[in-house]
Structures are given as C-alpha cells and as structure tokens.
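S.K.: Please find the sequence and the predicted model below.
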Amino acid sequence: MEELSVWIAKHGLKQAEAAEILMVSRPRVSDVVNKKAAKFTIDTLVEMLSRVGKPVKLAIS
C-alpha cells in the first residue's frame, strides 16, 4: 500500500487520474493514499501494483 501511495505522489497524480490508471474508483484511491489497509484484499493490492509495473514478492516464514 505504501508503494502505491508513494507512486501516486511521485508522479504528481490527482486521485481521479490515479484511479483511471489503477482501474479503480477515486474513493478506492483515497483509501490507498490514506493507508486504509483493512479495506483491501491482497489480490486487489497485487493487481494495482501490477498495473503500475511494481513487482510483488510474497515471502512466508
């Protein structure tokens, strides 16, 4: 979630612009920016990260 929030800020995107790129609603982007992790599944976060070209590595120990 932090990676997505940083990516949005780094690219100077408005929430509506980020929503279009991430293929989610603007309120969902607001939830990302405000780090409301409880509102997301792992699958949703992985999909959004994939859409912006961020690799995802899952480690279980």
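M.R.: Happy to help now that I have it.

S.K.: and S30, what does it touch?
M.R.: Contact partners of S30, counting by CB atoms under 8 Å, 6 or more residues apart in numbering, are Q15. C-beta: built from backbone N, CA, C; applies to glycine.

S.K.: Offset the numbering so it begins at 15, please.
M.R.: New numbering, starting at 15: the last item is S44.

S.K.: any idea which element it lies in?
M.R.: Applying DSSP states H and E as the criterion places S44 in helix 40-47.

S.K.: which of the residues in that helix are buried?
M.R.: 42-43, 45-46 (16 or more other CB atoms under 10 Å).

S.K.: Kindly report the same for stretch 44-63.
M.R.: For stretch 44-63, by 16+ other CB under 10 Å, it's 45-46, 54, 59, 62-63.

S.K.: and it, how far out from the chain's middle?
M.R.: 6 Å (CA atoms, centre = their mean, to the nearest Å).

S.K.: Among the buried residues of helix 40-47, which one sits closest to K68?
M.R.: K68 lies nearest to V46 out of the buried residues of helix 40-47, by CB to CB, at 12.6 Å.

S.K.: now that closest one: how far from A73?
M.R.: From V46 across to A73, the span is 22 Å (CB to CB, to the nearest Å).

S.K.: Kindly report the same for M37.
M.R.: M37 is 27 Å from A73, by CB to CB.

S.K.: and these two? which has more neighbours close in?
M.R.: Using other CB atoms under 10 Å as the criterion, M37 and A73 rank with M37 on top: 10 against 4.

S.K.: low-confidence ranges in the protein?
M.R.: Along the chain, segments meeting pLDDT under 70 are nowhere present.

S.K.: could you pull out the helices for it?
M.R.: Along the chain, counting by DSSP state H, helices occupy 16-24, 29-36, 40-47, 56-65.

S.K.: Could I have the CA atoms of the third one written out in CSV?
M.R.: C-alpha atoms of helix 40-47 as CSV (Å, rounded to 0.1, in the frame of the first residue of the first chain):
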residue,chain,number,x,y,z
ARG,A,40,-11.5,7.5,-6.9
PRO,A,41,-12.7,6.7,-3.4
ARG,A,42,-10.5,3.5,-3.6
VAL,A,43,-7.5,5.6,-4.4
SER,A,44,-8.3,7.8,-1.4
ASP,A,45,-8.3,4.6,0.7
VAL,A,46,-4.8,3.8,-0.7
VAL,A,47,-3.5,7.3,-0.1
